[in-house]
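Asker: The following block contains a protein sequence and its predicted model.
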Amino acid sequence: MTGVADTRPGALAVRGLRTVFASPAGPLTAVDGVDLDLAPGEILGLVGESGSGKSVTLRSLLRLVRPPGRIAGEVLWGGRDLLGLRPGELRRVRGREIATVFQEPMTALNPVLTVGRQIDESLRAHTGLDARGRRARGVDLLDLVGIPAPATRLADYPHQFSGGMRQRAMIAIALAGEPRLLLADEPTTALDVTIQDQILKLILALRARLGMGVILVTHDLGVVAQSCDRVAVMYAGRIVETGPVAALFAEPRHAYTRGLIGSVPRAGGERRPLLSIDGTPPGLGARPAGCAFHPRCGFATDACRREAPPLAAVAPGREAAGREAPGREAACWHHAAVAAAGIEAPVPEPA
Amino acid sequence: MTAAEDLLSRRRPAPRRFRPPSLPRPSPALAGGLAILAALLVLALVPGLVAPYAPAAFDYRAILKPPSFAHPFGTDNFGRDILSRTVWATRVDLQIALFGTLVPVVFGTLAGAVVGYYGGWVEALFGRVVDAVVTFPFLVLVIAIVAVLGPGLFNLYIAVSVVGWVFYARIVAAGVALQRRLDYAAAARVMGYSTPRIVLRHLLPNAVSAAIVYWMTDMALCILLGSSLGYLGLGAQPPTAEWGVLIADGKNYMNTAWWISIFPGVAIVLAGLGFSLLGDGLADLLRPKR
Amino acid sequence: MLSAGYVLRRVLQMVPTLVFILVVTFVLVRLLPGDPLSAIGGDHVTDAQVAQARAAYGLDQPLFAQFLLYVRRVVTGDLGRSIVVQVPVWSLVGERLPPTMLLSGMAVAIGVGLAVPLAFASALRRGRATDLAIRAGAQVGLSMPVFYIGLVLLTVFSAHLRWFPVGGYGDGWGDRVYHLFLPALTLGVSLAAVLMRSLRAAIVDVLGAEYVDFARAKGLPTRVILLRHVLRNALISTLALLGPTVGSLLGGAVITESVFAIPGVGRLMIESIYGRDYPVIQGLTLSLAVTVSLAFLVTDLIQASLDPRVAR
C-alpha cells in the first residue's frame, strides 16, 4: 500500500501506523508499521489471531488507545490526518464521521443508563436536534437496526436486552451521528452463530442503505468471506497480506494466510476460529528478528530470519494470469513459492 | 507426530531477557510498614533504650517545659517527660492492638471456616448475624458495653471481641465457600479425608490470607479505638501512659503547652500508618498472581 | 425503578436485625454486675423501694417474659426514664438529636466535597506525584484519631486564630452552622479519607471499563464522560458505604461532641456513662442502632433505584 493516499471524503488511508505501549520491561510494539487503504463505502476485513494487533490497530485509528500506549504514523481520513487533530476536532470526527462498535455490548454499554439515554447523548453531541427530535430519531435508529417496539425499548436498560438485541442497540448508538465509516471490533464474536449471521446481514444492509464504509476486525475467516470486499491479514503487529477477498482466499501469497485458510473446513458450512496453525504468535516483547512468522513457517529460509519482507505488490502468478484482481500485496520473500504450493497440499515442514 | 506438531516442537525459543530468580521484591509499602512496626516493637519491648526518664516520674522543677535538650518532647503539668511517657505508652497501645484482635482473629477464623464449609442454612443464619452486627455503630456499642462493664482495658478487650469476630468470620467464610467449589476440595472429599482435615489443611490456608490483611487494618483500628476510649476516660486509666490518655492529659493545655498532646498523637498516626502499610503490602504479596 | 416486591423484601429483611438490636440492648443492661436495680439505684435506695421497682419493671418475672415486656415497651415508644434527670429517655434523645443531625449532615457535605475532587484528581493522575500525595494524605487521615484532629483544629483555628468558637451550639441557623463548622470539618476530614480511598478505587475501576472507551468513541465531551459515565457509576458502587458511614459518623459524633462540647446525642451518651444513667445508655444505643439500620435500608433502596441491575 505504498500508493498515493486516497483523499476523497469517506476514504481512509493509513500510513506507517505504529502503536507502542511503554512497560516496565521496555516498549511493547503492538502495531508495527501498518498501511491500510479503504475506498468510500468499502468493507475491509482485518483478520488475525488474538494478539496480532488488529484490535489495537482499529482503536489507534481514532486514538482510542489509552496511555501508556503511544500512536505514531498517519491516519488520513478524507486527506486529513486524524493523529494530528486537536482533541476538540477529534471529538467531532468520533461518532459523527467515524463510529465504533465493540465486541461485547454488555460491557461497552453503560449498565446504569437506559439505551435511550445512550443514544440521546450521541445525538446531543452530533446533531442540533431538540429533545423531541432526538427521541424521534432514537426510535428511528432502533427501528433501523431491527429492534421491535423501538419506542418502548428506549426506556430499557442494556441488561433487559438479549445478546443480539444488545449488539443491535450498540450499532444503533454508533449510527446516531450518521457516520461515513463504521469501525467494528469483533462485533459478532460474543454471539450465537445464528445471531452472528443476523448482525452481519444487518451491517451489510446498513452499508448498502447508508453508503458507509466498514472496517471489520475479526478472527473468523467465515465472517470475512461472507461480508467483506477486501481483506487484510495481520500477524505480529504487521499486515502480511492484503487483497480482494475472493482472490486472496483462492491463492494466498503468505504462508500464514495459507495456514489460516487451510485451517477452515472446506466443504462444511460450520465456521471455526482460526486456531489450527500450530505454535502461538510471538508475545509483544518477543518478536523474532526478520519475518515474525518464520519460526512457524515451512517456507522459511535464511533470508526470512535475516530481514523482514516489506508489504509489496505481487505480480499475478502464471496460473492465475488474467483473473488476478488488482491490489494484491504480500509481505513474504517466498510468495511465489507459497502461491505455487496451493492450498490443498500439506504444509511443508520448516527447514 | 503431525507436521504441524513438529513445527511447534522445533519452534525456536523466543529471545527472552535474562532475569535472575529471586524472592518477590518487597513493595515500598511492605518495607515501610515493617520498618515502622519493628521500631515501635523495639520501643515497646525496651522502652528504657530511648526513654530518658521513668514514665511517671514527677519533676516539680520542670513543669510544662517546652521541648528542650533535657526534655526533647517537653514536660506536662506534673513535670513528667513527654518523650518517656510516649515511648512507654507504645507498650500499652501495641498490647491493645494485639489483645483487642486476638480473640476475634482466632474465633472468627474458625467460625468463618465452619460457616463457609457447611454453607446452606448455617450461611444464611450467619448472614443475618452479619447484617445485624454491622448496623450497630461499632464505637457506640463498644462504649455502651464498656460503660456497663466499667472502664478499663480488660473490659475494652471483651467489648471489642464480642463484636470483632464477625468481620473475620465474614471474610473467611467467603473465602472458604469459594475454595470449597474448586476441584481440589471435591478431590479431597472423594479421597475420604475427614471434614476437619479438609477445612484445616486444604480450604483454610487459601482463604485466610484476606483475613490476615484485614487483621493488620483491624489492629490500626483497634489502636484508634483504644486511644479514643482512653481519651474519653473509658479505656486505660491514668496514670497509665497510653497515647489517648496522654492526649487527654494535655487537652486543657493545648494553647500553652501544645507538646503534651501533639507528640502522642504523632505516635498514633505512626502506628496506624505502620499497620496499614503492612496490610497494603501483604495484600499485594498475597494477591494471586495473574 | 423500584419494584414493590424488592422494597417489601428489603423491609422484611430488617426484622431479624431489629430483633437482634432489641436482644443486644436488653442483654446490655443485664450485664451489670449484681442486681440491675441496686446497680441502677446506687446506695441510696431502701429494700422496699427496690422490691417495688422490681415489680414495676417486671424484674421478678422470668428472663424471657422480661424480654417480651421490654419489646412491648419499646414498640409502644417507651424507652424508659432517665435516672439522673427523671425525664423520659425518648424526649431526652429527641432534644439532643438536632445538633447531631446538623453536625452529621455538614460532615457528610464536607467529606463528600473533599473526597470527590480528590478521588478524581488522584485517579486521573494515577501513579504520579499528585496521586501519591493525595493517597499519602488519606493514609495519614485514616490513621489519625478523630479527637486528635478535633483538638488540633480547635487549637489552631479557635484558640490561636480565633476564627471559630471553642465549642457549643449557638442560636439560630447561621450561628449553629458557624459553631458546628470546625467539628463538622473534624468529622468530614476523617470521613473524606475513607470515602476518597473507595471512590478512587471505584473511579480507577470505571475508567478501565469498556463503556468509557465506547463513550469516547461516540465523541462525547470529556465533561460528559467524566460526570455521566465515570462519576455516576463510581458513586453508585461507592454508595454501599453510606450505611457504614452513618455508623461511623455516629461513633465519631460521640467523640467530636465531647471535644467541642456540643449538646448532641453523642455527648448525651458520654454524660450518661459518667452519670451511670443506664436507661439512657440503653435507649440511646437502641436508637442509634435503629438509625443505622434505617440508613442501610435507605442505602439499598437508593442503590436499587440507581442501578437497575440490583432491584430484580
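Answerer: Arrived safely. Residues are numbered from 1 along each chain as shown, chains lettered A, B, ... in the order given.

Asker: give me the element the closest residue to chain A within the stretch 51-200 of chain B is part of.
Answerer: When scored by C-beta to the nearest C-beta, the stretch 51-200 of chain B has B:Leu178 as its residue closest to chain A, at 23.1 Å. In this view, the C-beta of every residue, glycine as well, is placed from N, C-alpha and C. Secondary structure assignment for B:Leu178, by DSSP states H and E: helix B:153-180.

Asker: what does B:Thr256 give?
Answerer: Counting by DSSP H and E, B:Thr256 is part of no helix or strand.

Asker: Surely it touches B:Leu64?
Answerer: Yes - in this structure, B:Thr256 is within contact of B:Leu64 by C-beta atoms under 8 Å, at 7.0 Å.

Asker: more neighbours, these two?
Answerer: B:Leu64 (16 against 12; other C-beta atoms under 10 Å in any protein chain shown).

Asker: Share the number of residues neighbouring the residue nearest to the more buried one when sequence neighbours are not counted, please.
Answerer: If the residues on either side of it in the chain are set aside, B:Leu64 comes closest to B:Ala257, at 4.7 Å by C-beta to C-beta, 6 or more residues apart in numbering or on different chains. Using other C-beta under 10 Å, B:Ala257 has 20 other residues around it.

Asker: next one: C:Ser3
Answerer: Residues near C:Ser3, counting by other C-beta under 10 Å, number 11.

Asker: For chain B, see how far away it is.
Answerer: 21 Å (C-beta to the nearest C-beta, to the nearest Å).

Asker: Now do that residue, the pLDDT please.
Answerer: Per-residue pLDDT puts C:Ser3 at 79.

Asker: For it, give me phi and psi.
Answerer: Phi and psi for C:Ser3, reported as degrees, to the nearest 10, are phi -90, psi 150.

Asker: who touches the nearest residue to C:Ala295 once chain neighbours are set aside in this structure?
Answerer: Excluding the flanking residues, the one nearest C:Ala295 by C-beta to C-beta, 6+ apart is C:Val246, at 3.8 Å. Neighbouring residues of C:Val246 by C-beta atoms under 8 Å, 6 or more residues apart in numbering or on different chains: B:Pro137, C:Ser104, C:Thr291, C:Val292, C:Ala295.

Asker: got a pLDDT number for the residue of the stretch 151-300 of chain A found nearest chain C?
Answerer: Residue nearest to chain C within the stretch 151-300 of chain A: A:Tyr157 (4.3 Å; C-beta to the nearest C-beta). A:Tyr157 carries a pLDDT score of 90 in this model.

Asker: show me what contacts it?
Answerer: Taking C-beta under 8 Å, 6+ apart, we find A:Tyr157 in contact with A:Pro111, A:Val112, A:Leu113, A:Thr114, A:Val115, C:Pro308, C:Arg309.

Asker: The fourth one: neighbour count?
Answerer: The one in question is A:Thr114. Per other C-beta under 10 Å, the neighbour tally for A:Thr114 reads 18.

Asker: mind checking the backbone torsions on it?
Answerer: Per-residue torsions, A:Thr114: phi -70, psi 160 (degrees, to the nearest 10).

Asker: OK, contacts around it?
Answerer: By C-beta under 8 Å, 6+ apart, the contact list for A:Thr114 reads A:Leu154, A:Ala155, A:Asp156, A:Tyr157.
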